[in-house]
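Trainee: Sharing a model that was predicted from the sequence below.
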Amino acid sequence: MSKILGIDLGTTNSAMAIVEAGEAKIIENKEGARTTPSVVSVSKSGERLVGVIAKRQAITNPQNTIFSVKRLIGRNFSDEEVKKDKSLLPYEIKERQDGGVEVKIGDKWYSPQEISAMILVKLKQDAEDKIGEKITDAIITCPAYFDDSQRKATKVAGEIAGLNVLRVINEPTAAALAYGLNKKKDQQIVVFDFGGGTFDISVLEVNEDTVEVKGTGGDTHLGGDDFDQKIMQWVVNEFKKEQGVDLSKDTLALQRIKESSEKAKIELSTSMETEINLPFITSTDTGPKHLLLKITRAQLENMVGDYIEKSINLVKKTLKEVNLEPKDIEEIVLVGGQTRMPKIQEEIKKLFGKDPNREINPDEVVAIGAAIQGGVLRGDVKDVLLLDVTPLSLGIETLGGVSTVLIAKNTTVPTSKSQVFSTAADNQPSVEIHILQGERPMAHDNKTLGRFILDGIPTAPRGVPQVEVSFDIDANGILNVSAKDKATNKTQSIKIEGTSGLSKDEIEKMKKDAEAHAGEDEKRKDIIEAKNIAENLIYTAEKTVKEAGEKVSGEARKDIENKIDDLKKAKDGDNIEDIKKKTEELSQLAQKIGAEMYKQTQEQPKQEEKPNEDKKEPEEGEYKEKNG
Amino acid sequence: MEEQNNNEIENELKECEKLRDEYLAGWQRAKADFLNYKKEETARISELMDYFRAQQILEILKIIDNWDRAMKHKPKEIKDSVWLKGIEMIENQLKELLKSEGVEEIKTIGEVFNPEIHEAIEETDGSGESGEIVEVLEKGYTLNNKLIRPAKVKVNK
C-alpha cells in the first residue's frame, strides 16, 4: 500500500508530510523548502508556475498570478467575504453560471478548485520525487469554519490533481492529532492559529474516538504580515524623523526594510533587542545615507499591542459563544509562525492559566497531524512491535565505589554491551560484580539489582587480569549479566528479571535525585578519582623502589619513602587539593629517580632497550579497575 | 488417542512455523529498516551540512551587498587614490574566496527574466525587449550550481 500524503493547503503557504516508520515527517519541496507558497501563475510564455517561482514573477505578471485562492474556494460570488476580498485581489474574478467564483489567468477562466489543484499537483510531484514512490492517497486539511460546499470543493481540488482524497479534516483537529490529544477523553481544547494572513480560533471537544468542533472564531484578515507592516512603518517614520528622507516610495529601500523588519521580528522572539542595519539605504545631494535603528522587544510589543489584544478578545468571545470559561480548557495548541512571539504565548498563559503546547514547529503542525491521520487510516501508527527503553542507567561498581555505566538510560532494548575490567590488587583471586541501576555517580546511591563473585582468577599483578563484563537486556526487560576471565574462560552470570519493575514514580524520583545531587556527586566523584590516581602512583612508586634495589641511593630512597607516606596520609583524608598536590610531588620525585636510574643503566654496558610506559597499560580500550 | 495427540502436535508445529516465519520476516524488516535508516541519515547529514554552509555564505553575501553599495558611492576625493586600490584588492580577495567555495553570480542585465533564478521587484517602461532585465537591485548567487539566492531585478514591461 502506498504512502498517504498529509497536506496542509494554506491560504499563503502549504506544507506536506508523510508517516514513515511510525513517525510523521515533513517533506521538502523541489526547491528544498519545507513550505510552498500557495501561488499559481501562467507566465507570459504560457508556462504554468507554482510556488516560490510563481511568487518571484508576480510583479511582472500581477493579473495572471493567483494567490489566496483559498479565500474563494467553494464560495458563492454573492458571499460577503468574496465581495470584501474582491477589492484586495489584483486578479480578475467573476461569477460562474452556477453562482460560484471563477478567476482569470491569461484568457482562460478557472475555478478556485482548479487553481488549488495546481498547487496540489506540485506538492504531489515533489513528494513523489523526494520519497521515490508513487502517491495516490491524501488527507487534506481545511479551516474548521469551512462549510459543506467549501469542503467538497477542497476534495474536488484533490481529485483534479489526481489524488484520492481519503478525508478532508479540520486544521485544528490535525494540530490536536499531532500532539496526540485525541487519546485523552472528555477534553476541551483551544487551537490558536495565527498564520501569515489569517487568525483562527477553534474550540474542540475530544470524546470517545471523535473530535468535535464546538465553536470557531477569528479574523480572516489578521496575521503575521500585519506585524511586519507595523515594523516597516515604524522604520520608515523613524528614518524620516532622523534624516528627513521619505523612503516609502523607494522600491528597493522598501524591499530591504521589509526583509530586515521580518528578520528583526523573528530575532525579537529570542532576544530582547536587535538592530536594523542598512548601510547606503539611499542617497541624496549631500551623499549616501545609512539606516541604523535599535529595536527592543518591548517596542515591538507596543507597536503590535492592538493586534494581540484583538486576538485575545476574539478567543474570549469564541469561548463565550460556546458557554465555556478559560478554566474549562484543558489544552491549548499553537499553530502558525506568529505564535512564536513570546508576548502572544504570555497572554495565552495569562488567559488560561497554563502553558500552551508548542513543541512541534507551528508552521508544520497541521501537515504533521494530517499525515498522522493518514497513518491511522493505513494502520501505520498502531505499531505492534513497540520497543521499550531502559528508564535508568545500568552498570557495575568499580574501584572506589564508583558506579560505571554500561547501558545508558533511554537506550532502546533489546541491547547488549560489554567492557573489560581488571583487578585492583596484586594476586587478587576474585572479583565481585555488583550490578547497579540509577543515575548517581556513586554506587551506594544507586539501586542494587544483584551481585555475584567470579573467582579462580590466576595470580597476577593488579591490572593484568582481563575480566569481560557483559550486559544483555532482552525485549522483556530481563537483564543477563555475565563476567568472564579471559585467561581461563571461567564464567559466572546472573539473570535479573524486572529491571523495569520500578514504578513510574520511583523512576521519576531516582531521576530527580540525580539532578538534585548532581553538584555534590560530581565533587565526590572527583575525590574518588584523585584517590584512585594517588593509589596507583603509590603502588608503582613502591614497586619501582623495590625493583631498583641498590640503584637508588639511600638518601633518594628515604626521600621517596617519605613522599609515599605523605601521599598515603593525604589519600585517607578528603582534601582533594592536598591529595592532588602530594600526588604531583611524588610523581615528580619518582620521575627524577627514574631518570637517575636510566642514566646509570646507560653508563653500564648497553642493554636491550625496553619500551617503557606503553607496557604498563593493558591494551583494552577503556580499562578500569575493579575493587575486589 | 495417539493420532489425536499427533494431530495436536502437528497443529502446534504449524502454528509455531507460522509464528517463526512472521518473526523472521519482522526481524529482517527491522534490520533492513535500520540499514536504510543509516543510509538515509548519512544522506541527510550531508544535506544538512550543505544547508548550513549555504546559510553561512548567505550571511557573507549580505555583507558583500553592502560593500557593493559602498563602492557605488566612492567619494570623489579618493577615487584615484592608492588606498582605494588596496581596498579593492581586499574586495577581490573576498570574492575570490567565495568563488573557490563554488559561489557564482547569476547573470542579469540584458538577460530575459527567468523566475527560476530572478525575482522581479519592479517593472519599468524602458527601451529594449519586453521581459529583459534592465537593472539589478540585489545580486543573486548559486552555490555549486544550486540557487541559494535569486537576483532581485527590474524588468522591462
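Mentor: In hand now; what should we look at? Numbering: from 1, shown residues only, chains lettered A, B, ... in the order given.
Trainee: how distant is the helix or strand encompassing residue A:81 from the center of its chain?
Mentor: Applying DSSP states H and E as the criterion places residue A:81 in helix A:80-86. Chain-centre distance of helix A:80-86: 42 Å, with CA atoms, centre = their mean, to the nearest Å.
Trainee: how about it: buried residues?
Mentor: Across helix A:80-86, burial judged by 16 or more other CB atoms under 10 Å in any protein chain shown covers A:82, A:85. (Each C-beta comes from the backbone N, C-alpha and C, glycine too.)
Trainee: Over to stretch A:277-297?
Mentor: Buried residues in stretch A:277-297 (16+ other CB under 10 Å): A:278-282, A:289, A:291, A:293, A:295, A:297.
Trainee: Can you give me the end-to-end span of it?
Mentor: 17 Å (CA to CA, to the nearest Å).
Trainee: What of stretch A:282-302?
Mentor: Stretch A:282-302 end-to-end distance (CA to CA) = 28 Å.
Trainee: sorry, back to before: ok, the buried residues of stretch A:277-297 vs residue A:118, which is closest?
Mentor: residue A:278 (36.7 Å; CB to CB).
Trainee: Which residues are in contact with the closest one?
Mentor: Taking CB atoms under 8 Å, 6 or more residues apart in numbering or on different chains as the criterion, residue A:278 is in contact with A:253, A:256-257, A:260, A:290-292.
Trainee: quick one, helices of chain B?
Mentor: B:2-72, B:82-100 (DSSP state H).
Trainee: Quick one: distance of the last one to the chain centre.
Mentor: Between the centre of helix B:82-100 and the centre of its host chain there is 26 Å, according to CA atoms, centre = their mean.
Trainee: Quick check: buried residues in that helix?
Mentor: Quick answer for helix B:82-100 (16+ other CB under 10 Å): residue B:98.
Trainee: can you tell me if it touches chain A.
Mentor: No: using CB under 8 Å from any CB of the partner chain, helix B:82-100 stays clear of chain A, coming no nearer than 14.9 Å.
Trainee: cool, the first one as well?
Mentor: Yes: where contact is defined by CB under 8 Å from any CB, part of helix B:2-72 touches chain A, namely B:26, B:30, B:33, B:37, B:51, B:66, B:69-70, B:72.
Trainee: re earlier: please tabulate the helices of chain B in a markdown table, including the columns mean pLDDT and distance to residue A:135.
Mentor: Below are the helices of chain B laid out as a markdown table (pLDDT from 0 to 100; distance: least, CB to CB, whole Å):
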| stretch | mean pLDDT | distance to residue A:135 |
| --- | --- | --- |
| helix B:2-72 | 88 | 18 |
| helix B:82-100 | 93 | 39 |
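Trainee: Distance to residue A:542 added to these, as JSON lines?
Mentor: Putting the helices of chain B into JSON lines (distance: least, CB to CB, whole Å) gives the following:
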{"stretch": "helix B:2-72", "distance to residue A:542": "51"}
{"stretch": "helix B:82-100", "distance to residue A:542": "60"}
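Trainee: centroid residue for chain A?
Mentor: The centroid of chain A falls nearest to residue A:359 when counting by CA atoms, centre = their mean (8.4 Å).
Trainee: Looking at chain A, which helix is longest?
Mentor: Chain A, longest helix under DSSP H: helix A:518-548.
Trainee: Give me the buried stretch members for it, please.
Mentor: For helix A:518-548, by 16+ other CB under 10 Å, it's A:521, A:524-525, A:527-532, A:534-539, A:541, A:544-545, A:548.
Trainee: Including neighbour count, could the residues of helix B:2-72 next to chain A go into JSON lines?
Mentor: Formatted as JSON lines, the residues of helix B:2-72 next to chain A follow (neighbours: other CB atoms under 10 Å in any protein chain shown):
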{"residue": "B:26", "neighbour count": "12"}
{"residue": "B:30", "neighbour count": "13"}
{"residue": "B:33", "neighbour count": "12"}
{"residue": "B:37", "neighbour count": "13"}
{"residue": "B:51", "neighbour count": "12"}
{"residue": "B:66", "neighbour count": "15"}
{"residue": "B:69", "neighbour count": "18"}
{"residue": "B:70", "neighbour count": "15"}
{"residue": "B:72", "neighbour count": "10"}
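Trainee: tell me which of the residues you listed is nearest to chain A?
Mentor: The shortest approach to chain A among those belongs to residue B:69, at 3.7 Å (CB to the nearest CB).
Trainee: Please list all residues in contact with the closest residue in space to that closest one that isn't next to it in sequence.
Mentor: Closest residue in space to residue B:69, ignoring its immediate chain neighbours: residue A:280 at 3.7 Å, by CB to CB, 6 or more residues apart in numbering or on different chains. Counting by CB under 8 Å, 6+ apart, residue A:280 touches A:288-290, B:66, B:69-70, B:72-73.
Trainee: Adjacent strands (with direction) for the helix or strand encompassing residue A:280?
Mentor: Residue A:280 is part of strand A:273-284 when elements are defined by DSSP H and E. Take DSSP bridges as the rule and strand A:273-284 pairs in its sheet with strand A:287-296 (antiparallel).
Trainee: Strands of the stretch 151-300 of chain A, start to end?
Mentor: Secondary structure of the stretch 151-300 of chain A (DSSP state E, counting those that start in this stretch): strands at A:164-170, A:187-194, A:199-207, A:210-219, A:273-284, A:287-296.
Trainee: Can I get the ones you listed in CSV including distance to residue B:60?
Mentor: Listed next are the strands of the stretch 151-300 of chain A as CSV, based on distance: least, CB to CB, whole Å:
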stretch, distance to residue B:60
strand A:164-170, 44
strand A:187-194, 33
strand A:199-207, 37
strand A:210-219, 40
strand A:273-284, 15
strand A:287-296, 20
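Trainee: Which other helices and strands does the next helix or strand after the longest helix of chain A contact?
Mentor: With elements assigned by DSSP H and E, the helix or strand that comes after helix A:518-548 is helix A:554-572. Contact here means 3 or more CB pairs under 8 Å, 6 or more residues apart in numbering or on different chains; DSSP states H and E; on that basis helix A:554-572 packs against helix A:518-548, helix A:576-603.
Trainee: Tell me which of those lies nearest to chain B.
Mentor: helix A:518-548 (31.4 Å).
Trainee: average model confidence for the strand holding residue A:280?
Mentor: Taken as a whole, strand A:273-284 has an average pLDDT of 92.
Trainee: Helix B:2-72 and that strand, what's the angle between them?
Mentor: For strand A:273-284 against helix B:2-72, the angle by axes from the mean of the first three to the mean of the last three CA atoms, to 10 degrees is 40 degrees.
Trainee: burial of residue A:477, as a residue count?
Mentor: 17 (other CB atoms under 10 Å in any protein chain shown).
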